[in-house]
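1. make a model of this:
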Amino acid sequence: MAVIKPFKAIRPAKDKASFVASRSYEEYPKDELKSVLKYNPFSFLHIINPGFKFHKNTKGRERFRLVHNRYLEFLEDHIFLKDDEPCFYLYQISKGDFNSLGFFCACSVLDYQNDVIKKHEDTIQRREKLFADYLDVVGFNAEPVLLTYANNSAIDEIIRNEASKEPEYNFTTTDKYNHQLWKIDDSATIGNLQTCFAQTDKLYIADGHHRSASSNLLAKKKKEANPNHSGTEPYNYFMAYLIPETEIKIYEFNRMVKDLNGFTKEEFLIQLDELYRIEKRDDGLYKPTQKHHFGMYLDGEYYSLYLRKTVYGFTDALSKLDTQILYKTILEPILGIHDLRKDKRISYGYGKHNVLKMKDNIDKGDYAVGFNLVPTTIEEIKAIADAGQVMPPKSTYIEPKLRSGMTIYEF
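-> You can find the predicted model right below:
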């Protein structure tokens, strides 16, 4: 059974929500980031870039303490307000034919530890500890873990009914996404949602493996330091955004490699021929449309690669995953890339226009060869998580990407 709890969110004053909400820090080009910080005093970016106030780059615990100070200033200036009662917070993001409707809640660290919350990615211990230290110092979390669950008609009915009401927030950001938020404060509705999820035996992490691992690490640390630990303290939970699996969008990450590991073009193609049927594409830009088929751009030409299944055998869920197949048949044995996280010869790109970007990068000589794939499916993610396996890095790029500062969870 999955445990979810309402919480007293700290969130923007209604008239400032559109100014506060920000994309992930890494998504901002340098010039845009500087412009937002200069001209929008309400942006959440001021909290996570606290050194801007002093025209100084800050690091480590000094930065963490300054983040905490900027956060307190937002509270003191009533940019942020705290709800009086624990609530769930329904949140919808939409643009064109993309629509994502889920809700913010607090999820149990015990569920994470007991594998009710399923993982499909490895985490890096150094990053876990760094973010756990960050959370400990700043005292809040503004970046929810994206969790998905199997579609459930009872949950869907509750959510749709709440979404028919007047939202607390309704605004459109400059990237043309519309954002709406509803506060679910009715005790009966909260109880009904909790009952539904108590009958749900699995939640899956779609995005946020390091955030959930860091929350777990922080909870263990605080439990050890608290002689009166009861299990009900806020640190026993972390903020999550729950969404049905049909409302997430999964994109592929393409791969680009700087060289052919000493092979000539012809030698490289001969190596590939052992495991793939290779066809040169004379019809321009090529993207694969089926599992176990890959697109390749090499020396100004597109190729389609069809896996020879009589040579490569499927043994488990991971072995069927295209990113794993590419790694085990080409990247590692032929191109000599053993560590997909650290090897600087390989780079990744995502998005619907990435095939063109990949071509441009290779044509400029920055890379020698590129591979494009079809997106991983939610069924593959669940199968690998259920088997206790982990995907290769950069196997999925998942939307929605949630705005920071919409709801904040205090420890």
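2. ok, the top strand by length along the chain: who's next to it in the sheet?
-> Identified as the longest strand of the chain according to DSSP state E is strand 98-108. In its sheet, strand 98-108 lies beside strand 4-5 (antiparallel), strand 88-95 (antiparallel), strand 237-244 (antiparallel), with partners assigned from DSSP bridges.
3. what comes up buried for it?
-> 100-108 (16 or more other Cβ atoms under 10 Å). The way it works is simple: take the backbone N, C-alpha and C, and place the C-beta from them, glycine included.
4. export these to JSON lines and tack on distance to residue 213?
-> Formatted as JSON lines, the buried residues of strand 98-108 follow (distance: Cβ to Cβ, whole Å):
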{"residue": "100", "distance to residue 213": "24"}
{"residue": "101", "distance to residue 213": "27"}
{"residue": "102", "distance to residue 213": "21"}
{"residue": "103", "distance to residue 213": "23"}
{"residue": "104", "distance to residue 213": "20"}
{"residue": "105", "distance to residue 213": "19"}
{"residue": "106", "distance to residue 213": "17"}
{"residue": "107", "distance to residue 213": "13"}
{"residue": "108", "distance to residue 213": "15"}
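5. ok, those residues vs residue 344, which is closest?
-> residue 100 (34.5 Å; Cβ to Cβ).
6. now do the same contact list for that closest one.
-> Each residue near residue 100 by Cβ atoms under 8 Å, 6 or more residues apart in numbering is listed here: 92-94, 243, 247-249, 399-400.
7. columns pLDDT on top of those, output as JSON lines?
-> Shown next, in JSON lines, are the contacts of residue 100 (pLDDT from 0 to 100):
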{"residue": "92", "pLDDT": "97"}
{"residue": "93", "pLDDT": "96"}
{"residue": "94", "pLDDT": "95"}
{"residue": "243", "pLDDT": "97"}
{"residue": "247", "pLDDT": "92"}
{"residue": "248", "pLDDT": "93"}
{"residue": "249", "pLDDT": "93"}
{"residue": "399", "pLDDT": "92"}
{"residue": "400", "pLDDT": "93"}
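8. which one of those residues has the most neighbours?
-> Taking other Cβ atoms under 10 Å as the neighbour criterion, residue 400 ranks highest of the contacts of residue 100 with 24 neighbours.
9. beta-bridge partners for the residue nearest to it when sequence neighbours are not counted, please?
-> Among residues not flanking residue 400 along the chain, residue 100 sits closest, at 4.2 Å (Cβ to Cβ, 6 or more residues apart in numbering). For residue 100, the beta-bridge partners under DSSP bridges are residue 93.
10. so for residue 100, what's the pLDDT?
-> In this model, residue 100 is scored at 94, pLDDT.
11. equivalent analysis for the one 10 residues further on, please.
-> With respect to pLDDT, residue 110 has a value of 98.
12. distance of it from residue 219?
-> Separation of residue 110 from residue 219 (Cβ to Cβ, to the nearest Å): 9 Å.
13. looking at those two, which is more packed in?
-> Applying other Cβ under 10 Å to residue 110 and residue 219 shows that residue 219 carries more neighbours, namely 26 against 15.
14. how near is the closest residue to that one other than its chain neighbours to residue 137?
-> For residue 219, ignoring the flanking residues on the chain, the nearest one in space by Cβ to Cβ, 6+ apart is residue 109 at 4.3 Å. Separation of residue 109 from residue 137 (Cβ to Cβ) stands at 19 Å.
15. more crowded one of these two?
-> residue 109 (23 against 16).
16. residues in contact with residue 119?
-> So residue 119 contacts 205, 209, 212, 385, 390 (Cβ under 8 Å, 6+ apart).
17. quickly find the element holding the third one.
-> So the one you mean is residue 212. helix 209-225 (DSSP states H and E).
18. and that helix, how far out from the chain middle?
-> Relative to its chain's centre, helix 209-225 lies at 19 Å (Cα atoms, centre = their mean, to the nearest Å).
19. who's in contact with residue 223?
-> Neighbouring residues of residue 223 by Cβ under 8 Å, 6+ apart: 229, 235-236.
20. just the buried ones from those, in ChimeraX syntax?
-> If you want just the buried ones from these in ChimeraX, going by 16+ other Cβ under 10 Å, the selection is:
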select :235,236
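21. quick one: which of the contacts of residue 223 is nearest residue 74?
-> residue 235 (21.9 Å).
22. buried residues in stretch 79-88, which are they?
-> Quick answer for stretch 79-88 (16+ other Cβ under 10 Å): 79-80, 83, 87-88.
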